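In: Below is the sequence, then the predicted model.
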Amino acid sequence: MDKHFTIWIKTDCSYCVSARDELYNQRVDHTIYIMDNKIEELNSLKKRWEHPTVPLIVHGDKAPETLIGGYDDLKKWFDLQKE
């Protein structure tokens with residue numbers, strides 16, 4: 001299973017920090033983009049993925065990538081992988 005994740009975060013977001021920590025704890029490959037000073041780019045990504053909040057988490061490093069969602073969605077995704 002491809003376990004690469006891309007996550008866009010803001011540093012003042014507690015859910016973003018939790019999602020980042022979850023990816024570290026799960027020991028999966030991931031790329032983190034800090035979007036504090038890139039609001040226009042972040043808004044464009046939110047529109048593209050139809051996800052209104054951060055963190056914005058995507059799974060896969062090849063097209064088509066899959067939107068996971070936010071932190072709660074990430075936790076559910078990992079729980080489903082254990083079944």
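Out: Sure thing, it's come through.

In: His61 in helix, strand or coil?
Out: Not quite, residue 61 is Asp, not His. coil (DSSP: H, G, I helix; E, B strand; the rest coil).

In: got the CA coordinates for the helix or strand hosting Leu74 in PDB?
Out: Following DSSP states H and E, one finds Leu74 within helix 71-82. C-alpha atoms of helix 71-82 as PDB (Å, rounded to 0.1, in the frame of the first residue of the first chain):
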ATOM      1  CA  TYR A  71      -7.300  15.200  11.300                       C
ATOM      2  CA  ASP A  72     -10.400  13.300  12.300                       C
ATOM      3  CA  ASP A  73     -10.600  11.800   8.800                       C
ATOM      4  CA  LEU A  74      -7.000  10.800   9.000                       C
ATOM      5  CA  LYS A  75      -7.600   9.000  12.300                       C
ATOM      6  CA  LYS A  76     -10.500   7.100  10.800                       C
ATOM      7  CA  TRP A  77      -8.500   6.300   7.700                       C
ATOM      8  CA  PHE A  78      -5.700   4.700   9.800                       C
ATOM      9  CA  ASP A  79      -8.300   2.800  11.900                       C
ATOM     10  CA  LEU A  80      -9.900   1.400   8.800                       C
ATOM     11  CA  GLN A  81      -6.500   0.200   7.600                       C
ATOM     12  CA  LYS A  82      -6.100  -1.900  10.700                       C
END
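
In: quick one: it to chain centroid distance?
Out: Relative to its parent chain, helix 71-82 has a centroid offset of 12 Å by C-alpha atoms, centre = their mean, to the nearest Å.

In: Now do the buried residues in stretch 13-26.
Out: Neighbour counts over stretch 13-26 (16 or more other C-beta atoms under 10 Å) mark 13, 15-16, 18-20, 22-23 as buried. All C-beta spots, glycine's among them, are computed from the backbone N, C-alpha and C.
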